[in-house]
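Novice: Pasting the sequence and the predicted coordinates here, then a few questions.
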Amino acid sequence: MTAAVLSIGTELTRGELVNTNAAWLAEELTKLGFEVVEHATVEDDADRIVTLVRRFAEAHRVVIVTGGLGPTSDDLTTAAAAKAAGVALRRDQAVVEDIRRKFEAFGRVMPESNAKQADFPEGASVLPNPVGTAPGFSMMLGNARFFFTPGVPREMEHIFAESIVPVIAPLAERRTHQVHIKTFGMTESGVAQKLQGVEEEFPGLRLGYRAHFPEIEVKVHVRADSAAEAEQRAHAAAERVRAALGDAVFGGEADSFAEVVGNTLRDRGKTLAVAESCTGGQVGEMLTRVPGASDYLLLDAVVYANSAKEAVLAVSPELLRAHGAVSAETAAAMAEGALRVAGADIAVSITGVAGPGGGTDEKPVGTVWFGLARKGEPTVTRHRKLPWGRDRIQTLSSYIALELVRRAALGRDFDLAER
């Protein structure tokens, strides 16, 4: 039972937009049990669209098409679908009135060009779109059931969940199961090295890897004779993967790193203070993106200038003159100051050179110091020289700081050699 995804839009082929729809659809189809074997992206060209639709109609059982359902002259998908099927277009007047009412609800008059969004190939079934103006539609072409949706991700996802899944879910073979395991602290090649030989231990197992800086996700995918067997074997294989990767594993598909760190603090009744310099508030932003962060986060002090480090955290001017803002001594003083000001159980600090300027021979761009202070414990500092550019230095530094917090809350060591 194979499936394919066809994305339509010149903005995609030119690289003006990133095609997130294809990735999202492929993952959702895989969860349902389909084997997604092909993705294609084509510009707004009617003949090319027709060619691909006809080829997909013979090669696959389920095809999801996104894009090209708008009101403008370059929205050609509906007409191309009709041509591929050898049928005429018909206008659904009820859909026209629905679109008109949506415009009126916002105090606007519907442009006549929007009526085009109510044109469908003869025999197609309309897929309602309550969150946008362009409905989708479905039709049989050759061996495949096609589903056409708008390219706007929010609209596509709604139509997929409400109108497409109920139709295609019974068609899936449901002989596969996939478990997602998220890691931080190892390279993709390092993760793969740790997992050498695991696939041979479990029949039908295929391991996949996805790098989403600075995380590496392992996809544990198993095909078996039944859904129950696939699920059982996938979870057994996932346990084997987690054991091999150790504390680099932080969560599953739905987990964010900051959420996991926050839950660790909450579960252990710990509070946190953060002092940031070169990351400019990114750690606090990551933490507060998660609802309920006020349970554990007491303070996020963005002390970019030395004067702010002195005024907010009482870092001494003499220390700053002697060692500089980017130093073990300053990182320690920042963490201790945050701990004291907030009255927290744990405090973490970051100070570094994010670039692109500001580096020296002694402290080049990418030099970052971290401080970790805890009630009743000696302060810990850690030093990293990070590659890449400013954005990645800031992001990786934020993750390292949160990893230090996680380790402190769990009572683990602070060895960050691989990070």
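Specialist: The structure has been received and is ready for your questions. Numbers count the residues shown, from 1 in each chain.
Novice: Gly359 belongs to a helix?
Specialist: No - the assignment for Gly359, made by DSSP: H, G, I helix; E, B strand; the rest coil, is coil rather than a helix.
Novice: Do I have it right that it meets Val365?
Specialist: Yes - counting by CB atoms under 8 Å, Val365 is a contact partner of Gly359 at 3.8 Å. Just so you know, the C-beta spots here come from the backbone N, C-alpha and C atoms, and that holds for glycine as well.
Novice: which residues are in contact with both of the two?
Specialist: Val353 (CB atoms under 8 Å, 6 or more residues apart in numbering).
Novice: At which residues are the strands of the stretch 51-200 of the chain located?
Specialist: 62-66, 89-91, 119-121, 125-127, 136-141, 144-149, 176-184 (DSSP state E, counting those that start in this stretch).
Novice: What pairs with the third one, parallel or antiparallel?
Specialist: Read that as strand 119-121. strand 89-91 (antiparallel) (DSSP bridges).
Novice: got it, and the fourth one?
Specialist: Here strand 125-127 has these sheet partners by DSSP bridges: strand 136-141 (antiparallel).
Novice: So what touches the partner strand?
Specialist: By CB under 8 Å, 6+ apart, strand 136-141 touches 53-54, 57, 63, 69, 78, 81, 84-85, 120-121, 123-127, 129, 145-150, 159, 163-164, 167.
Novice: same deal with stretch 282-292?
Specialist: Against stretch 282-292 from outside (CB under 8 Å, 6+ apart): 256-259, 261-262, 266, 272, 274, 276, 293, 297, 300, 302, 348, 350, 394-395, 397-398, 401-402.
Novice: Can you flag which of those residues belong to helices?
Specialist: Mapping the contacts of stretch 282-292 onto helices (DSSP state H) picks out Phe257, Ala258, Glu259, Val261, Gly262, Arg266, Gln394, Thr395, Ser397, Ser398, Ala401, Leu402.
Novice: and those, which are buried?
Specialist: By neighbour count, with 16 or more other CB atoms under 10 Å, the ones in helices among the contacts of stretch 282-292 hold Phe257, Ala258, Glu259, Val261, Gly262, Gln394, Thr395, Ser397, Ser398, Ala401, Leu402 as buried.
Novice: As JSON lines, these with pLDDT and distance to His383 would be great.
Specialist: Below are these laid out as JSON lines (pLDDT from 0 to 100; distance: CB to CB, whole Å):
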{"residue": "Phe257", "pLDDT": "98", "distance to His383": "21"}
{"residue": "Ala258", "pLDDT": "98", "distance to His383": "23"}
{"residue": "Glu259", "pLDDT": "98", "distance to His383": "27"}
{"residue": "Val261", "pLDDT": "98", "distance to His383": "21"}
{"residue": "Gly262", "pLDDT": "98", "distance to His383": "26"}
{"residue": "Gln394", "pLDDT": "98", "distance to His383": "17"}
{"residue": "Thr395", "pLDDT": "98", "distance to His383": "18"}
{"residue": "Ser397", "pLDDT": "98", "distance to His383": "12"}
{"residue": "Ser398", "pLDDT": "98", "distance to His383": "16"}
{"residue": "Ala401", "pLDDT": "98", "distance to His383": "13"}
{"residue": "Leu402", "pLDDT": "98", "distance to His383": "17"}
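Novice: returning to what we had before: ok, Gly359 and Val365, which is more surrounded?
Specialist: Taking neighbours as other CB atoms under 10 Å, Gly359 and Val365 compare with Val365 leading, 20 against 15.
Novice: what sits against that one?
Specialist: Contacts of Val365 were listed using CB under 8 Å, 6+ apart, and they are Val353, Ala354, Gly355, Pro356, Gly357, Gly358, Gly359, Ile393.
Novice: just Glu259 next, same as before
Specialist: Gly251, Val290.
Novice: Distance of it relative to Arg268?
Specialist: 15 Å (CB to CB, to the nearest Å).
Novice: before we move on, what about Lys385?
Specialist: Counting by CB to CB - Lys385 and Arg268 are separated by 32 Å.
Novice: quick one: the most centrally placed residue in the chain and Gln193, what's the gap?
Specialist: The structure's the chain has its C-alpha centroid closest to His212; by CA atoms, centre = their mean the separation is 7.5 Å. From His212 across to Gln193, the span is 19 Å (CB to CB).
Novice: With Val283 instead?
Specialist: Taking CB to CB as the criterion, Val283 is separated from Gln193 by 30 Å.
Novice: repeat for Thr183
Specialist: From Thr183 over to Gln193 (counting by CB to CB), the distance is 13 Å.
Novice: And these two? Which one has more around it.
Specialist: Thr183 (25 against 11).
Novice: right, and the more buried one touches Glu217 too?
Specialist: Yes - with contact defined as CB under 8 Å, Thr183 reaches Glu217; the gap is 7.3 Å.
Novice: Give me the pLDDT value at the residue nearest to His158 when sequence neighbours are not counted.
Specialist: Of all residues not flanking His158 in the chain, Val131 sits nearest, at 5.1 Å (CB to CB, 6 or more residues apart in numbering). pLDDT for Val131: 94.
Novice: What is the neighbour count of Val131?
Specialist: Neighbour tally, Val131, other CB under 10 Å: 15.
Novice: so Arg392 is in which element?
Specialist: Assigning secondary structure by DSSP states H and E places Arg392 in helix 390-410.
Novice: Could you check stretch 124-139 and say which residues are buried?
Specialist: For stretch 124-139, by 16+ other CB under 10 Å, it's Ala124, Val126, Leu127, Asn129, Gly132, Thr133, Ala134, Pro135, Gly136, Phe137, Ser138, Met139.
Novice: can you tell me which residues contact the second one?
Specialist: With contacts taken as CB under 8 Å, 6+ apart, Val126 has the following neighbours: Asp92, Val95, Phe120, Pro135, Gly136, Phe137.
Novice: Just confirm the third one contacts Gln93, I think it does.
Specialist: Just to be clear, that refers to Phe120. No - if you go by CB under 8 Å, Phe120 and Gln93 don't touch, sitting 11.6 Å apart.
Novice: more crowded one of the two?
Specialist: When Phe120 and Gln93 are compared for neighbours, Phe120 comes out ahead with 25 against 10, by other CB under 10 Å.
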